[in-house]
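In: Fold the following.
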Amino acid sequence: MAKTRRNITQVFVITGVLFATLSQSGCAKSPSELLIGRWYSGEMTIRFREDNAVIWNSSQGLALGHFEFRGKAKRVKDRELVPNLFVDVIRNDERQKFQFELNFMGQDRIRMELVPYGENNSRNSTPRGLVLRRANDNTLGGGPAKVASR
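Out: So this is what the prediction gives:
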């Protein structure tokens, strides 16, 4: 009888520990949370901040502004790009707006494809299909970036 009671207690303890572990692992980050941070490639670096500020540095110069990310792109197979990242920046005293289809290729890589529209979005602004890697704190100088508020 005592052995059966001990077995039942062990089952409850193991079940409780398993439940607690699984409930904690269910706290995966959303795509919007995964985007936050610095990303880089040979052509550019871009930093997305929690307050929706963006810092974008490329051969065209430093751009500061804001972004809106609408989550996973819902492109139909082999169809036109579907923008899900909208960037509004000031670069060289000129306001520019861009839209991209952004897809995650794991937690440390993203693919940004420019979706042309309007006069500020020539195809030469950003290469199509640019893959960027997540920067860690030791990459690109580390430390927080400063963005002036509007």
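In: and residue 112, how many residues sit next to it?
Out: 23 (other CB atoms under 10 Å). (Glycine included, C-beta is placed from N, CA and C.)
In: quick one, helices of this protein?
Out: All helices of the chain, identified by DSSP state H, fall at 2-25, 31-35.
In: Quickly, which of those helices bottoms out on average pLDDT?
Out: The minimum mean pLDDT among these belongs to helix 2-25 (a mean of 57).
In: got a list of what the residue lying closest to residue 98 once chain neighbours are set aside touches?
Out: For residue 98, ignoring the flanking residues on the chain, the nearest one in space by CB to CB, 6 or more residues apart in numbering is residue 87 at 4.5 Å. When contacts are counted by CB atoms under 8 Å, 6 or more residues apart in numbering, residue 87 is found next to 54, 56, 65, 66, 67, 97, 98, 99, 100.
In: Look up which residues are beta-bridged to residue 87.
Out: Beta bridges link residue 87 to residue 67, residue 98 when assigned by DSSP bridges.
In: Residue 112 too?
Out: residue 102, residue 130.
In: how close does it get to residue 46?
Out: According to CB to CB, to the nearest Å, residue 112 and residue 46 sit 8 Å apart.
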